[in-house]
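1. Task: produce atomic coordinates for the following.
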Amino acid sequence: MPHTGSVVAVGTEHVRWLAEASLNRPVLVAAFTGWNDAGDAASSALRTMIESWGAKALAEIDPEPFTDFATVRPSVRLDGDHHRSIVWPTVGVWSVSLPGTDVILVLGPEPALRWRLFCEQIGGIADRFGVTMAISLGALLADVPHSRPVPLIGTATDDQLIERFELRRSQYEGPTGIVGVLHDHLNRTGMATASLWAAVPGYASQIPSPKAALALVERACSMIGTPAPLAQLAVEASEYDARVAAMIGDDDDMIEYLSRLEQLSDDGSDDDDDMTNDTPLDPDALVEEVEQFLRDRDPE
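-> Residues are numbered from 1 along each chain as shown. The predicted structure is shown next:
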């Protein structure tokens, strides 16, 4: 393990180490804020894991080569003596040893530049610690009701992962984001990877969804093989349902729309005998939602 703050070999040349860690065959879990984080669900899920598990800061990736600061701007903070400092939008890396396994957690803004070089940094971290599996978390807006369990889809390309965790084989073709590029890079190094996506109601797009975050945490932890930290998210999820219901209020059109979504959700649940994760939506329909979401994104 390199000394704190040292410059290391190719693959992690843009990684600044903050601590040393002794990890045994860890699992890597990653989420990025931005377009693949509808309702802040993926980032909230990762943040919940970091805080609930007391994960220790392991490293950070220098944002300078990868960030468009005109789009994702740094912030100014004042300390108790009113001294100003700049807080840069940085991808952080944490580590923790849990019952069942060790985990490396990666969270930060989706990079805007030099994606292949960025993925090499994460790949270098994974290689240094002997990561055995990587899981990415994402969330998208979809035509789903807030009043039903969160639709969740898990995909992978590795046959063993697909069979072990009842995932679906990814057959998507089209525009992708940093998650897709990262999976491709890690797959090319021989690592097994899986991607979990939660569906967030499109009509409540401006409201953070702890309910979707909870679904992601629960599913990811079941794959990692460790108890899921759900208590705080469960409380927030209950408040979320009430908040969205209040937003709809007496809007007759929204009430009718929600009723139709609930009926479609219930029908899909009744017709599907092979659902995993208690998902109330036909998984093929959710896969189509994910693929359309990716295709609709402006490639610029």
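2. show me where the stretch 151-300 of the chain has helices.
-> Secondary structure of the stretch 151-300 of the chain (DSSP state H, counting those that start in this stretch): helices at 159-165, 178-188, 210-224, 231-248, 252-271, 283-296.
3. Dihedrals phi and psi, Ser85?
-> Backbone geometry at Ser85, expressed as degrees, to the nearest 10, gives phi -140, psi 150.
4. Would you check that my belief about it contacting Ser75 is correct?
-> No - applying C-beta atoms under 8 Å, one finds Ser85 not in contact with Ser75, separated by 9.4 Å. For the C-beta atoms, the positions are set from N, CA and C on the backbone; glycine is no exception.
5. Strands along this protein, start to end?
-> 15-17, 27-33, 56-61, 75-78, 84-87, 91-98, 101-109, 133-142, 152-156, 168-169, 192-201 (DSSP state E).
6. Summarise which helices and strands the third one is packed against.
-> Contacts of strand 56-61 with other secondary structure elements, assessed using 3 or more C-beta pairs under 8 Å, 6 or more residues apart in numbering; DSSP states H and E, are made with strand 15-17, strand 91-98, helix 115-129.
7. redo that, cut-off 10 Å
-> strand 15-17, strand 91-98, strand 101-109, helix 115-129 (3 or more C-beta pairs under 10 Å, 6 or more residues apart in numbering; DSSP states H and E).
8. ok, now the last one?
-> The contact analysis (3+ C-beta pairs under 10 Å, 6+ apart) places strand 192-201 against strand 27-33, helix 41-53, strand 133-142, strand 152-156, helix 159-165, helix 178-188, helix 210-224, helix 283-296.
9. what angle sits between it and helix 231-248?
-> With axes from the mean of the first three to the mean of the last three C-alpha atoms, to 10 degrees defining the directions, strand 192-201 sits at 30 degrees from helix 231-248.
10. again, but for the third one
-> Here the directions of strand 56-61 and helix 231-248 differ by 60 degrees (the same axes, to 10 degrees).
11. List the neighbouring strands of strand 56-61 plus their orientation.
-> Using DSSP bridges, the strands paired with strand 56-61 are strand 15-17 (antiparallel), strand 91-98 (antiparallel).
12. and among the helices of the stretch 151-300 of the chain, the most buried is which?
-> helix 210-224 (a mean of 24; mean count of other C-beta atoms under 10 Å).
13. Looking at that one now, give me its mean pLDDT.
-> The average pLDDT within helix 210-224 is 96.
14. Pull it out as PDB, backbone CA atoms only.
-> Coordinates of the C-alpha atoms in helix 210-224 are reproduced here as PDB (Å, rounded to 0.1, in the frame of the first residue of the first chain):
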ATOM      1  CA  PRO A 210     -35.000   7.700  -0.200                       C
ATOM      2  CA  LYS A 211     -37.400   4.900  -1.100                       C
ATOM      3  CA  ALA A 212     -35.400   4.100  -4.300                       C
ATOM      4  CA  ALA A 213     -32.200   4.500  -2.300                       C
ATOM      5  CA  LEU A 214     -33.400   2.000   0.200                       C
ATOM      6  CA  ALA A 215     -34.200  -0.500  -2.600                       C
ATOM      7  CA  LEU A 216     -30.700  -0.100  -4.000                       C
ATOM      8  CA  VAL A 217     -29.000  -0.500  -0.600                       C
ATOM      9  CA  GLU A 218     -31.000  -3.600   0.300                       C
ATOM     10  CA  ARG A 219     -30.300  -5.300  -3.100                       C
ATOM     11  CA  ALA A 220     -26.600  -4.400  -3.100                       C
ATOM     12  CA  CYS A 221     -26.100  -5.600   0.400                       C
ATOM     13  CA  SER A 222     -27.800  -8.900  -0.400                       C
ATOM     14  CA  MET A 223     -25.200  -9.400  -3.200                       C
ATOM     15  CA  ILE A 224     -22.300  -8.300  -1.000                       C
END
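15. which helices and strands sit right next to that helix?
-> Using 3+ C-beta pairs under 10 Å, 6+ apart, the elements in contact with helix 210-224 are strand 27-33, helix 41-53, strand 101-109, strand 133-142, strand 152-156, helix 159-165, strand 192-201, helix 231-248.
16. For Pro89, which of the ones you listed is the nearest?
-> Closest approach to Pro89 among the helices and strands packed on helix 210-224 is made by strand 101-109 (4.8 Å; C-beta to C-beta).
17. mean confidence for the closest one?
-> Computed over strand 101-109, the average pLDDT equals 96.
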